[in-house]
Structures are given as C-alpha cells and as structure tokens.
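> next come a sequence and a model predicted from it.
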Amino acid sequence: MAEERLPVNTSSRRRLLVLYVVAAAMLITLGGRLWYLQVVNTTAFTKLAAANQTRDVIVPAVRGQIFDDAGNRLVTNQTALVVSVDMMDLSRQPGGAAPVLRRLAPLLGMSVSLLAQKTRLCTTGVPQPCWAGSPYQPIPVDQDVSDRVALQVMEEQKEFPGVTAQVQAVIEYPEPDGANPAQVLGYLQPITPQEIKSRHLPVTGFSGVDLVGQAGLEAQYDGQLRGTPGTQVVSVNAAGDVTGTVSQTNPVNGEDLVTSLNAQIQADTQTALNQAIARSRAEGNNSNQGAAIVMTTTGRVVAMASYPDYNPSVWTGGISQRQYDELISPSDGEPIYNWATQGQYAPGSTFKVTSTAAAVADGYPLDGLYNCPASVSIGSQTFKNDGEPNLGEMTFAEALIQSCDTVYYTLGEQIYNSDLYNFKTDPKPSPNAPVQKMQKMELDWGFGQDSGIDLPAESTGTIPTRQWLYYLWKDNAHTGQNWCKNGVQDGSYVQQIEYQDCQSGWQWEPGQAAIAAIGQGYVTVTPVQLADAYVALANGGTLYSPRIGEALVSPSGRVVQKISPPVVRHLPVSGDTLSYIRGALAGVVTQGTAAAAFSGFPLSKVCVAGKTGTAQNFGVNATSVFASFAPCNNPKYVVIVMVPGAGYGADVAAPAVRTIWDDIYGLEGHKAAVPGGQVPSGTPPITSTRTTTAPSGRSQSKKGK
C-alpha cells in the first residue's frame, strides 16, 4: 500500500523559506567576518598580538647640572644605587605588598610605617611623604644604598619580588664655598598626570627618576634641563619576565645651565644677611625674614640670598610632612619662599631717588633750594622729620644726604595739588584717569610690576595709582572687609579710618601723596625691583630685566644658547639728573645717614654710594633698607639689603652691605671673592660627569600591562 503524503500549506512553506534565508545570511556574515579578521586585518592583529609579548620601558635622560659663573657645580648628578618598589607587581603577590615591605624595611634601615608612607599615592588628604608619580611606575624608596643591600635585593628576588636596585643619577647640592641659594635653585618632584596636561610635558611613562622642576631655576629652565627620555622595547614571556630587547631609542640628556651666580659672593652675601638678622634679633627685634642681592650694572644677578634658607636636599627621595610644615611655617619665616623676589616691603627713603627725578621732571630746579622744617601740616595731619631737626633750606643733594623727610612731604603735596584729577568727586573716572606724575616716574623705574627675572614666582609690589586705589576701595567698601558695615559705633581709631575709607576711600589724598613720596604708606617694592632700579641709576638709565641664567650648554660642552638680560626701557630722566643723584648718594656714605655704618671703610680704594631707608609700619618695627653701588664713578655692582622688623636702615642693612663690599673687593682683612672685583666673563669650560644607565628587567616602567 503506497505511503500517503500530507499536504503542506502555503504559510508553512513560506516560514520554512524564511528560516533558510536567515540561516544562509548568518553563515555568510560569519564567513565574511572570518575572512576580514584573517585576511584584511591581519597586520593590525599581528601588532596587537606582538604588543602582548613586549613592554615599553622608559630610559630616563640624565638631568642637566647647574653651575655658577666660574664652573662650580650648584646642582649636580651623582650615580647612586637606588632601590625602587613596583607596587603594581607587589599587589599581585600572595598577601599583597605588606609582606614584602615588612621584609624590605629593616634591610633599608627604615620603619615599616615610613616605607608604607613612601609607597602610597599622593591623593587628596594624604600628607607627605607619598608618591606623586604614576601608580604604574616603580617608586624609588632609598636613593643611596650600599653595594651589600643592592646585591641582596637583586639576588633574593623570591624574598623581594617587585623590588629592584639599580645605578641611577641622583640630584645633589655640593654647596661650593658654602653657597646655598636654595630658593633660587628651586627643587624637583616626580611628574604628575596633572602636570602632563597643565604644563604640556611629554608623556614619558612616569619614570621613577623622571622629576620635574617645581620652583626656581629648576622650574624656569625645566624643559632644557630635563632632556628627552628614550624608550627600550623588551620582549616578555607569559610570566612577565624579560627575555630580550627588541629595540631601543637612546635618551637625549638635558643641557647644563651656567648662571651668573658667583659661589663665593653668594656664600658671603648669605652670611652677611644671616649675621645682620641675628644681631637684630639679639636686640629684641622679631626679624624672621629678609633678602640681599648683588647685581652687575648690566643686569646680571651675582648673588641672591633669602632668609631663612634651608637645605634643598630635603626634597630628595621624598620630603616628610614635618619638613614640609617647617618650610611653610610663618613663625619660622616661611623658608620655602624667595623673599628677594616674593617679599613686598616699604622701601623707605631709598625711594627718594625716584621722587627727586619726578620733581625735576615736573619743573623743580635741580640746583634749587628746598626748606627742611621739623614738621609740615598737610590736610589735617602733621608730618614730622625724623628726629624733628629743623635744617632750613637745602639742595636736593643735601636732602638725600641728610634724608630730610619734610622736603619730600612738601614735594608730594605740591605735585598732588598740581594734578586736577585728584580733586574729582566722582569715583567713576578713577579707573580711566591718567597716572599721577610722581607715580608715573615710579612705574618707569620698574616698580609696581614684574621685573621679568628668570624665576617663575615674583610679586609685583604696589604703586598706589588712582586705578589701584579705586579697586581697593571697591573691593573693601562693598565686597571685602566692608568698611561701610559698622560706621563709627565705638569711635575707635580703626573704625574712624574705615568709615572715612568707606566714604571717600577711592580718592587719592594729599596726605597719602606726601607719605608715598618717602616710600611708605601703600607703597611696597620687592628687593629685586629695588636692586634693578638702582642698577638703572648706576649705569646711566638703562633698566634691565634681570637674569640669573647665563648660558645653556650641551652635554658635549657646546654652548647652545647665551642668555642676556633684556633691556626694558631707558629711564625718562636726563643724564645730568642721574649723575647729580649718584653724586648725592656718595655723600650719604661719607657725611650722611650711612656715615657711621661706613666709618673707617677704605673709600679711597673702593668708593661706595648708597641710600638708607627706614620704612615705618603700623604696629611693628620698621623695615631696615640700604641700597648701594660701587665704584662711585664707574659702577660695576649694586648691593641691597632689606630686613623687615629690624629698625633703622643705618643700623642693620647698611652694616650688612658694608660687609658684602668688603667680601667682594677683599677689604678690611677679608678675602676677595673675585680678583680685582671683576667676576668671570664668558662661559666657563664645563666638564660633564653625567652618565646614563640603561634600565633592564622588570624594574622599569611598563606599558600595556
């Protein structure tokens, strides 16, 4: 009997056909994808496969050294055995990193807690010491171990997995002749991912010795000093062990920086400043900061001392929280700051040279006579001459020699009265009003603005122009201290002043003009601005942007770039006026306010000219200032000292300046810092001792893990 077939309806046949089509499409898609992966994209996947078998290792460039003008090393690199810990490797060990760190700590002679702190990441709320670099980078924990310790680390890898000991370059500070310009040199810290972005630094893989300048010359010339790292591509097996080198790009070592600093003059300047502050403190003054600068009249910085100083080696290998707190402690004078460029102090009577120039430019005769009474009344205030002597009529030269305040109070008021903008009763024109005559001269001498020195941190000081005063009033009368808030409820002096400032604090008053003419009131300058202005006075009117860097030199000794102080402008002062002022300042030392400080000084050998400054501050002792240049008739150098809270300029700053001149020229039994008082010219021959040690094995940075 024949088998009977069941009929297949049309809809079932259609569904079956759709399934055939879907299955066929899937097969075609899978086949196409397989063909694409095996044929079309073979090269890309071959590279990816190869990447899984290789690692990129950063070969750090050796950082350039910093030299003084005679070729003495201020910052150098010495090879040392450095122990580093790869925390990523340790995290994969049984029990994590803790067991290895417990075994390593006694070998390195440190506590387990300190080693744990050094290997933790610097994140929000984590104090020093900590690691500011990449978590994927081996962390240097001891930068100068003995051969025995290094050998034990290398031979006992089962005990110390992820720990390496290698010869690497380590930053050192030799302090030639005792010179320690710590704030000028700056310091290094590990590069961070944030700095890669903000400072556009090249991605190097965060080598354990890949440090970046964070302050001073190290930061200013970081790009040239740091060089360019190399890359070593190594092959690894499945366990991650290095089996060979695939390729290598050698690093380009950093350039050396030759500076105009002279190690001997730097050391002598630091000593003179330290001794001056010690004497001031012994007399009961609370002096805990100060600055001293020596510059050539061509704009080069020969010495720059900031008090208090510190040992820059504290940054090497990671700074502790206690050490960092000491560096930023106000009670300790905040040694991390360079007070020569960042301190802002009233210049006192050293400012009278600009007031004299402004008066002559406004038509006051250079050879005229000006009254020096015991006091003058300006507005509702009485301004007294220091000591209240009534010296009668005198020339500008005598006013500078005797430092007569009332001559300059009167000049300040008279020039104020000749300026109609000072009598505007509407504050709105103030931001757009022209700068007052005397203040324009002060700005032209470089005050109230950056000097442009080749250091990354610099304060501007204050020249209280109408614009500056308007914004001070706007901020404090309404949004800051709110001078208008309390009126004169308790009638206190401070509240009366604040209420007056609330009503008309935007308006420049005659009393303010008078006090500013002698370098007080709102006026502040930085020591480097004052030194730079006296450089311009001494050299005949050329204002420079000071430079510490003198040349960049390649590792082979070739001069790559010479660095010269740029000319900012020529002072708007005639040569006759500048010559007149210089002559008057020579008289300050022989018969004026600095005569006692320079009593017995061999002026016949080296004629020194200068100006004392005693800047009164409300509630604290005065700032002691002395600015000078020498030799008088052919100035080569400018020396200034500023010590806040130390009293009269003739008592503290002037004797310190005298000591520095003794040291420069070898006077009064001192050894001459430079033969004939002439610093070396030209770039000294540089002998490089730098070496680059190519890293090997798993001790280095790895990419693609």
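Looks like it arrived, so ask away.

> surely residue 516 and residue 447 touch.
No. Judged on Cβ atoms under 8 Å, residue 516 makes no contact with residue 447 at a distance of 11.0 Å. All C-beta spots, glycine's among them, are computed from the backbone N, C-alpha and C.

> report the set of residues contacting both of the two.
residue 523 (Cβ atoms under 8 Å, 6 or more residues apart in numbering).

> any idea how far residue 499 lies from residue 189?
Look at residue 499 and residue 189: by Cβ to Cβ, to the nearest Å, they are 48 Å apart.

> from the middle of its chain, how far away would stretch 638-647 be?
20 Å (Cα atoms, centre = their mean, to the nearest Å).

> run a quick neighbour tally on residue 439.
23 (other Cβ atoms under 10 Å).

> hmm, who's touching the helix or strand where it lies?
Secondary structure assignment for residue 439, by DSSP states H and E: helix 437-444. Where contact means Cβ under 8 Å, 6+ apart, the residues beyond helix 437-444 that reach it are 351, 354-355, 357-359, 361-362, 412, 415, 418-419, 434-435, 448-449, 463-465, 513, 516-517, 523, 569, 571-573.

> ok, 7 Å please
With Cβ atoms under 7 Å, 6 or more residues apart in numbering as the test, helix 437-444 has contacts from 354-355, 357-358, 361-362, 412, 415, 419, 435, 448-449, 463, 465, 517, 571-572.

> now a PyMOL select for only the buried ones of those.
The PyMOL selection below is limited to those of the contacts of helix 437-444 classed as buried (16 or more other Cβ atoms under 10 Å):
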select buried, resi 354+355+357+358+361+412+415+419+435+448+463+465+517+571
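
> narrow the contacts of helix 437-444 to those in helices?
Here DSSP state H is the test, and the contacts of helix 437-444 give 354, 355, 357, 358, 361, 412, 415 as lying in helices.

> surely the last one meets residue 361?
If I follow you right, that is residue 415. No. Look at residue 415 against residue 361 with Cβ atoms under 7 Å: they stay out of range, at 10.0 Å.

> which residues of the stretch 401-550 of the chain score low on pLDDT?
479-483, 485-495, 497 (pLDDT under 70).

> if you set the cut-off to 90 instead, what comes out?
Residue ranges of the stretch 401-550 of the chain with pLDDT under 90: 420-433, 457, 469-509.

> quick one: the helices in it?
Applying DSSP state H, counting those that start in this stretch to the stretch 401-550 of the chain gives helices spanning 405-417, 437-444, 466-474, 493-504, 510-516, 527-539.

> quick one: the strands in the stretch 601-705 of the chain?
609-617, 620-630, 637-643 (DSSP state E, counting those that start in this stretch).

> quick one: residue 109 from residue 83, how far?
On the measure of Cβ to Cβ, residue 109 and residue 83 end up 11 Å apart.

> and the two? Which one has more around it.
Using other Cβ under 10 Å, the more surrounded residue of residue 109 and residue 83 is residue 83, with 24 against 10.

> dump the residue contacts of the more buried one.
108, 141, 142, 145, 153, 163, 165.

> hang on, it in a strand?
Yes. Judged by DSSP: H, G, I helix; E, B strand; the rest coil, residue 83 forms part of a strand.

> quick revisit: out of the strands of the stretch 601-705 of the chain, nearest to residue 560?
strand 637-643 (28.3 Å; Cβ to Cβ).

> least trustworthy helix or strand in this protein by mean pLDDT?
The helix or strand of the chain with the poorest confidence is helix 42-51; it has a mean of 56 (mean pLDDT, DSSP states H and E).

> that older thread, return the most buried member of the strands of the stretch 601-705 of the chain.
strand 637-643 (a mean of 31; mean count of other Cβ atoms under 10 Å).

> tell me the angle that strand makes with helix 527-539.
Angle, strand 637-643 to helix 527-539, by axes from the mean of the first three to the mean of the last three Cα atoms, to 10 degrees: 150 degrees.

> and strand 637-643, which strands flank it?
In the sheet, strand 637-643 lines up against strand 290-296 (antiparallel), strand 620-630 (antiparallel) (DSSP bridges).

> from residue 668, how far off is residue 600?
Counting by Cβ to Cβ, the gap from residue 600 to residue 668 is 8 Å.

> now stretch 673-686: average pLDDT?
Stretch 673-686 carries an average pLDDT of 82.

> just the C-alphas of it, formatted as PDB.
Presented in PDB, the C-alpha positions along stretch 673-686 are these (Å, rounded to 0.1, in the frame of the first residue of the first chain):
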ATOM      1  CA  ALA A 673      85.600  86.900  46.400                       C
ATOM      2  CA  VAL A 674      86.700  87.800  42.900                       C
ATOM      3  CA  PRO A 675      90.200  89.000  41.800                       C
ATOM      4  CA  GLY A 676      90.200  92.800  41.300                       C
ATOM      5  CA  GLY A 677      86.500  92.900  42.000                       C
ATOM      6  CA  GLN A 678      85.700  91.500  38.500                       C
ATOM      7  CA  VAL A 679      83.500  88.500  38.100                       C
ATOM      8  CA  PRO A 680      84.500  86.000  35.400                       C
ATOM      9  CA  SER A 681      83.500  86.900  31.900                       C
ATOM     10  CA  GLY A 682      82.400  84.400  29.200                       C
ATOM     11  CA  THR A 683      81.100  80.900  29.700                       C
ATOM     12  CA  PRO A 684      83.400  78.700  31.900                       C
ATOM     13  CA  PRO A 685      84.500  75.300  30.500                       C
ATOM     14  CA  ILE A 686      82.100  72.600  31.700                       C
END
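
> outside of the helix or strand harbouring residue 105, which residues touch it?
Under the criterion of DSSP H and E, residue 105 resides in helix 98-108. Applying Cβ under 7 Å, 6+ apart, the contact partners of helix 98-108 are 83, 90, 93, 111-112, 115-116, 141-142, 145, 149, 152, 159-163.

> go through those residues and flag which are in strands.
83, 141, 142, 163 (DSSP state E).

> which among those residues count as buried?
Buried among those (16+ other Cβ under 10 Å): 83, 141, 142, 163.

> distance check, the first one against residue 110.
Right, the one you point to is residue 83. In terms of Cβ to Cβ, residue 83 sits 11 Å off from residue 110.

> also residue 171?
For residue 171, the distance to residue 110 - Cβ to Cβ - is 20 Å.

> show me which of the two is the more surrounded one.
Per other Cβ under 10 Å, whichever of residue 171 and residue 110 has more neighbours is residue 171, with 21 against 15.

> for the helix or strand containing the more buried one, what is the average pLDDT?
Applying DSSP H and E as the criterion places residue 171 in strand 163-172. The average of the pLDDT scores along strand 163-172 is 79.

> sorry, back to before: quick check: the farthest pair among the buried ones among the ones in strands among the contacts of helix 98-108?
142 and 163, at 10.4 Å, using Cβ to Cβ across those.

> residue 382: how many residues sit nearby?
Residue 382 has 10 nearby residues by other Cβ under 10 Å.

> confirm it sits in a strand?
Yes. Under three-state DSSP, residue 382 sits within a strand.

> what sits against it?
residue 375.

> tell me the bridge partners for it.
Here residue 382, judged by DSSP bridges, has bridge partners residue 377.

> how much space separates it from residue 409?
In terms of Cβ to Cβ, residue 382 sits 10 Å off from residue 409.

> now the closest residue to residue 224 other than its chain neighbours: how far from residue 223?
Excluding its sequence neighbours, the residue lying closest to residue 224 (Cβ to Cβ, 6 or more residues apart in numbering) is residue 255, at 4.6 Å. Distance check for residue 255 against residue 223: by Cβ to Cβ, it reads 9 Å.

> OK, contacts around the residue lying closest to residue 610 once chain neighbours are set aside?
Sequence neighbours aside, residue 628 is the residue nearest to residue 610 in space, at 3.1 Å (criterion: Cβ to Cβ, 6+ apart). With contacts defined as Cβ under 7 Å, 6+ apart, the neighbours of residue 628 are 608, 609, 610, 638, 639, 640, 657.
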